[in-house]
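Trainee: Give me a model of this one.
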Amino acid sequence: MPGYGDSPSVELVATAPGRVAFLDHVLQELGMQRTILISPSMSGRFALPFLLARGDRLAGFVPIAPVGTKDYTAEQYQQVQIPTLILYGDRDTSLAPQALQNLQHLPRHHVAVVPDAGHACYLDKPQDFHRALLGFLHQLK
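Mentor: Numbers count the residues shown, from 1 in each chain. You can find the predicted model right below:
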């Protein structure tokens, strides 16, 4: 992601509208329509504003203890009509509870907890993570 880790800082992604425009551009360049947006951790800074601004372009949303959930109100989340799988590891005791508290206002959400997994539940317990993710994806058909 631009501006994170070892990637260079990019002025465009310094604001939420800029991050929406960036993600929109990436999806357009890839020719993706009605995609499922999977958002672990720091990618929440991109995914959440996109979900709220352009959620109609998505077929589904899978937040995995994303950052930035407290930046939006319950009313904003309630406007989103995208099927959502809130996914996190049960050993993620810091970010996951906060994300769940905010994201549970999404009207079409389900919750899946990966047992014995931390913040990066997809790395800690990949089989359990994939089972939950694939179950959600099959329901979208």
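Trainee: so what's Arg34 up against?
Mentor: Neighbouring residues of Arg34 by CB atoms under 8 Å, 6 or more residues apart in numbering: 57-59. Heads up, the C-betas are built off the backbone N, CA and C, glycines and all.
Trainee: Phi first, then psi, for the residue nearest to Gln79 when sequence neighbours are not counted.
Mentor: In space, and not counting its chain neighbours, Gln79 is closest to Leu52: 7.5 Å by CB to CB, 6 or more residues apart in numbering. Torsion angles at Leu52 (phi, psi; degrees, to the nearest 10) stand at phi -80, psi -30.
Trainee: where does this structure have low pLDDT?
Mentor: For the chain, residues meeting the criterion pLDDT under 70 lie at 3-4, 8-9.
Trainee: can you give me the helices for it?
Mentor: Ranges of helices in the chain, per DSSP state H, are 16-29, 44-54, 74-78, 95-103, 121-124, 126-139.
Trainee: roughly how far apart are the residue nearest to Tyr122 when sequence neighbours are not counted and His25?
Mentor: Leaving aside its sequence neighbours, Tyr122 sits nearest to Phe129 (CB to CB, 6+ apart; 4.4 Å). Note on Phe129: its distance to His25, by CB to CB, to the nearest Å, is 29 Å.
Trainee: Tell me the buried residues within the contacts of Arg34.
Mentor: By neighbour count, with 16 or more other CB atoms under 10 Å, these hold 57-58 as buried.
Trainee: Now do the contacts for Asp90.
Mentor: Neighbour list for Asp90: 96, 113-117 [criterion: CB under 8 Å, 6+ apart].
Trainee: re the thing from before, show the contacting residues for the residue nearest to Gln79.
Mentor: Neighbour list for Leu52: 72, 76-77, 79-80 [criterion: CB under 8 Å, 6+ apart].
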